[in-house]
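Visitor: need coordinates for the below:
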Amino acid sequence: MKVLIADKFEQSGIDGLKAADCEVVYQPDLKDDALAAAIRNRGVEVLIVRGTPVSAAMLEGAGISLIVRAGAGYNTIDVAAASRRGIYVSNCPGRNSVAVAELTFALILALDRRVPDGAAELKAGHWNKKEYSNARGLFGRTLGLLGYGSIGQEVATRAIAFGMPVVVWSRRFAEGREAPPHLPIRIAASPEEVAEASDVLSLHLALAPETKGLVSRSLLSKLKPGSYLINTARGDILDYAALEEVVRERHIRVGLDVYPGEPSAGAADFVSTITSLPNVYGTPHIGGSTDQAQEAIAAETVRVVVSYKTTGKVPNVVNLAMTTPATHALVVRHRDRPGVLAHVFECLRSNGINVQETENVIFEGAEAAVARINVDSAPADALVKSIRGNGDIIDLRVVEISKSG
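Guide: Next up, the predicted model:
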């Protein structure tokens, strides 16, 4: 299996792929047209990227069947285009959670103690203990979290250790998809409720259509004067123009690691008015960039590729359909012989019925099996009779698939 790595990647990961008999092409500086050409011309089956954008145009005529984002967020990959071409997109969720949580707390502490400003003055030869002794402290102050995935949970754990009450809003809790955890946190009914309660508001939402711009001018207006805001998630979830206003008018202190329109290159010119304001500290999207995190991500990337190579199964896929148009299932008990399922599929094809999903389970001894075939419409009685006409079909049931899943 040929693997193209088009971003900086740990040597341990490269070694792991080679140990699994993958042919590895490591070109971390590939971008744009050069990357598109490499995908098309090198017989690549798997593409590994970090921040490098993967566009729909790059996938035209490409032979790749798997894209692995060596990290969590995959907004730089055209997932819809990959889905149209039947290309798996996988990521490495949670592997950099501790690193991002550590930077989040570094920014919170830096804001509270104004560490960069004090250090800069001291480096310039000015001792200003009087000014920089004025810090509020974190103990007893409320930390609000928007988003409670693996990173949010790591931040909450550290906040509790600092003696900070924690209030959380999460889409998963709001939609009833997940019960609140056992940590001593308070669940809020809305993002606005979190903002109103917070002395420090930290953003840990994934970028999705429903979260883009969620931290709006209206939500920012709920923050207490003098409170802190941290964004180590995604730039597009926050209205940065409105943030500039609340920094100026309400003396909000801000720590940022992500920005709208930030460069994809490791080094580039970047001008942002928000980072030039007093009481705003910025870092250049380094949240997940610790040695520990990158080693963990490399190991997970290798696991994904090796699983695909050896079993055909892809862990952490982000672009499989949650539901399909399937309305009925054929449960076919049959002898485990060549051509049995081919007969079933040919009967379905000749009647214009599309197979959506299928699995075939073999019994001990490999004499018999049961296939479950999900189809997009109910088979007529005559079709069922035709399928049963094969002497190796032991039994056939048609089951209507519940719309509730």
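Visitor: all helices for the stretch 251-400 of the chain, in order.
Guide: Taking DSSP state H, counting those that start in this stretch, the helices of the stretch 251-400 of the chain run over residues 291-311, 340-350, 381-388.
Visitor: between those helices, which one is nearest to Arg40?
Guide: Closest approach to Arg40 among the helices of the stretch 251-400 of the chain is made by helix 291-311 (20.1 Å; Cβ to Cβ). Where C-beta positions appear, they are placed from N, C-alpha and C, glycine not excepted.
Visitor: buried set for the closest one?
Guide: For helix 291-311, a neighbour-count test (16 or more other Cβ atoms under 10 Å) marks 293-294, 296-298, 300-302, 304-309 as buried.
Visitor: which pair in the residues you listed spans the largest distance?
Guide: Distance extremes for the buried residues of helix 291-311: the farthest pair is Ala293 and Lys309 at 24.5 Å, using Cβ to Cβ.
Visitor: thinking again about what came up before, may I see the helices of the stretch 251-400 of the chain arranged in JSON lines, with mean pLDDT and distance to Asp21 as well?
Guide: Shown next, in JSON lines, are those (pLDDT from 0 to 100; distance: least, Cβ to Cβ, whole Å):
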{"stretch": "helix 291-311", "mean pLDDT": "96", "distance to Asp21": "8"}
{"stretch": "helix 340-350", "mean pLDDT": "95", "distance to Asp21": "31"}
{"stretch": "helix 381-388", "mean pLDDT": "94", "distance to Asp21": "41"}
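Visitor: how many residues are close by Ser65?
Guide: 17 (other Cβ atoms under 10 Å).
Visitor: can you give me the separation between it and Asp78?
Guide: Applying Cβ to Cβ, to the nearest Å, the value for Ser65 to Asp78 is 16 Å.
Visitor: helices along the stretch 1-150 of the chain, start to end?
Guide: Listed in chain order, the helices of the stretch 1-150 of the chain (DSSP H, counting those that start in this stretch) span 11-19, 32-41, 56-59, 79-84, 97-113, 115-123, 129-132, 150-161.
Visitor: output those helices in TSV; the columns should cover distance to Glu262 and mean pLDDT.
Guide: Below are the helices of the stretch 1-150 of the chain laid out as TSV (distance: least, Cβ to Cβ, whole Å; pLDDT from 0 to 100):
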stretch	distance to Glu262	mean pLDDT
helix 11-19	25	97
helix 32-41	17	90
helix 56-59	20	93
helix 79-84	20	94
helix 97-113	15	97
helix 115-123	20	95
helix 129-132	30	93
helix 150-161	19	95
